[in-house]
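# Pasting the sequence and the predicted coordinates here, then a few questions.
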Amino acid sequence: MSKSSNIKSNKKSQSYKLVIASEGELPELVKLSTEKLIIWIIGKSNEQKLVFSPEEIVIECWLINPLKHSMRKYTQFPDSHVIIKRIGEMKGKKGLLTGSETIGYKLTDISRIIYANTVQQIESKSLITIKGKKTANREMTSIDETPYNRLKKTTAYEKYMAGKINEIVESDFLYFYGINWHSKKSFIQNRIKNVDSVVKRFKPSDKILEGVFKYLTEKFGDVKEQLINK
């Protein structure tokens, strides 16, 4: 364990606490991208003359922003893969870090500028939350997320989101369910059942999905019945 050994454990359980981040800084720190957060952690630890192992950087990222840096479906555990992979990229082709997991990491000339700017923004509370389009939802597994993401890419969903409800036609309804009139009855029944199940799960948190599903059900309810009972 390195000098930052405020991370305590016992045989029955492990308890972790923030080493360099204060509670007052958390509202701003959660706004940082993973890369900038790693730069901030390493820059701050360097100032305090602490040597962080990759695992300790993982823990600090997770404690600062558990929703972003936890394992899928298990937010009580940190996701080490993403952080350690990012550290490797930052030390390699990006040239943002020097050192190693043995002797510790330090910032380069480029990342020191980023760190200084980040510190200033945190102090002035001028950071803007940036949400990437592909940010993973840690409350669901990738298996759960795949069918949901497919629905968001359907023409019915996109037209509804763009306010072009009147342009939604029967082919959009069929594409939403991934079926056609030539599909086997058993296949159609299973697809409709599965899609309806996905919608039921995610519509409470996605009002667009809830709206497009309601519209499709009302406008193409008879088509749905014909397909199920053909």
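All right, it came through fine.
# Next, count neighbours for residue 202.
Neighbour count of residue 202, defined by other Cβ atoms under 10 Å: 20. All C-beta atoms are positioned from the backbone trio N, CA, C, and that covers glycine.
# For stretch 25-45, what is the distance to the chain centroid?
17 Å (Cα atoms, centre = their mean, to the nearest Å).
# Now do it: distance from first to last residue.
15 Å (Cα to Cα, to the nearest Å).
# Over that stretch, what's the mean pLDDT, rounded is fine.
For stretch 25-45, mean pLDDT is 92.
# Please apply the same query to stretch 67-84.
The model assigns stretch 67-84 a mean pLDDT of 83.
# export that stretch as PDB, just CAs?
Output of stretch 67-84 as PDB, limited to C-alpha atoms (Å, rounded to 0.1, in the frame of the first residue of the first chain):
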ATOM      1  CA  LEU A  67     -22.500   6.300 -11.000                       C
ATOM      2  CA  LYS A  68     -19.900   6.700 -13.800                       C
ATOM      3  CA  HIS A  69     -17.000   4.600 -12.400                       C
ATOM      4  CA  SER A  70     -18.800   1.500 -11.000                       C
ATOM      5  CA  MET A  71     -19.400  -1.900 -12.400                       C
ATOM      6  CA  ARG A  72     -22.600  -2.400 -14.500                       C
ATOM      7  CA  LYS A  73     -25.400  -3.500 -12.200                       C
ATOM      8  CA  TYR A  74     -23.100  -3.400  -9.200                       C
ATOM      9  CA  THR A  75     -22.700   0.200  -8.300                       C
ATOM     10  CA  GLN A  76     -21.200  -0.700  -4.900                       C
ATOM     11  CA  PHE A  77     -18.100  -1.900  -6.700                       C
ATOM     12  CA  PRO A  78     -15.600   0.100  -8.800                       C
ATOM     13  CA  ASP A  79     -14.900  -0.700 -12.500                       C
ATOM     14  CA  SER A  80     -11.100  -0.900 -12.600                       C
ATOM     15  CA  HIS A  81     -10.900  -1.900 -16.300                       C
ATOM     16  CA  VAL A  82     -12.000   1.500 -17.700                       C
ATOM     17  CA  ILE A  83      -9.700   3.600 -15.400                       C
ATOM     18  CA  ILE A  84      -6.600   1.500 -15.800                       C
END
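# Now do the buried residues in that stretch.
The neighbour-count check on stretch 67-84 (16 or more other Cβ atoms under 10 Å) flags 68-72, 75, 78-80, 82-83 as buried.
# likewise stretch 20-38?
Buried residues in stretch 20-38 (16+ other Cβ under 10 Å): 20-21, 25, 28-29, 31-32, 34-38.
# if we can go back for a sec, just the ones of the buried residues of stretch 67-84 in strands?
Among the buried residues of stretch 67-84, the members falling in strands (DSSP state E) are 70-71, 75, 78.
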